[in-house]
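Colleague: Task: produce atomic coordinates for the following.
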Amino acid sequence: MATTSLSIRIDEDLKAEADEFFSDIGMNMTTAITCFFKKCLDTGEIPFKLGRGKHLPNAKTRAVLDRMAAGTEPMYGPYDSTEEMLKAALAMED
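Modeller: Numbers count the residues shown, from 1 in each chain. Below is the predicted model of the structure:
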């Protein structure tokens with residue numbers, strides 16, 4: 001199999017963190033990128049969800065939602081919107 005070079009520009013800190021992560025799991029950057037490409041081609045899609053992430057809960061909100069799901073934090077309602085429910089959930093932190 002013939003190989004070729006790939007040159008990309010990436011944030012220096014991001015690259016350093018990725019190098020450290022891949023090294024920790026016994027992989028180098030070339031192997032990691034090759035795995036990514038192969039997964040894309042195998043599945044026909046990007047192997048993770050892409051989006052703006054504005055609706056993803058932060059750690060603080062996630063903790064409240066986890067307590068609610070576990071039944072250790074009471075859930076009151078009904079709510080007319082997700083925003084209303086999240087506002088009530090965040091008020092539980094106080």
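Colleague: Would you mind finding the longest helix in this protein?
Modeller: Secondary structure assigned by DSSP state H gives helix 29-43 as the longest helix of the chain.
Colleague: what comes up buried for it?
Modeller: Within helix 29-43, the residues that count as buried by 16 or more other C-beta atoms under 10 Å are residue 32. C-beta here means a position set from N, CA and C on the backbone, and glycine is covered the same way.
Colleague: domains for the chain, by residue range?
Modeller: 12-43, 59-91 (automatic domain parsing).
Colleague: Specify the stretch among these that is closest to residue 49.
Modeller: Smallest distance to residue 49 across the domains of the chain (C-beta to C-beta): 13.0 Å, for domain 12-43.
Colleague: Can you get me the start-to-end distance on the closest one?
Modeller: 30 Å (C-alpha to C-alpha, to the nearest Å).
Colleague: for it, what is the average pLDDT?
Modeller: In this model, domain 12-43 has an average pLDDT of 94.
Colleague: follow-up on the earlier one: which neighbouring elements make contact with the longest helix of the chain?
Modeller: Packing contacts for helix 29-43, counted by 3 or more C-beta pairs under 8 Å, 6 or more residues apart in numbering; DSSP states H and E, involve helix 12-24.
Colleague: which outside residues touch the helix it packs on?
Modeller: Under the criterion C-beta atoms under 8 Å, 6 or more residues apart in numbering, residues 28-29, 31-32 lie in contact with helix 12-24.
Colleague: Which positions within that helix qualify as buried?
Modeller: The neighbour-count check on helix 12-24 (16+ other C-beta under 10 Å) flags residue 22 as buried.
Colleague: Also stretch 57-66?
Modeller: By 16+ other C-beta under 10 Å, the buried positions in stretch 57-66 come out as 64-65.
Colleague: CA atoms only for it - export them in CSV, please.
Modeller: Extracted C-alpha coordinates of stretch 57-66, given in CSV (Å, rounded to 0.1, in the frame of the first residue of the first chain):
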residue,chain,number,x,y,z
PRO,A,57,-26.3,21.2,29.3
ASN,A,58,-23.2,22.4,31.1
ALA,A,59,-21.8,20.4,34.0
LYS,A,60,-23.9,22.4,36.6
THR,A,61,-27.1,21.7,34.7
ARG,A,62,-26.2,18.1,34.0
ALA,A,63,-25.7,17.5,37.7
VAL,A,64,-29.2,18.8,38.5
LEU,A,65,-30.7,16.8,35.7
ASP,A,66,-28.8,13.6,36.8
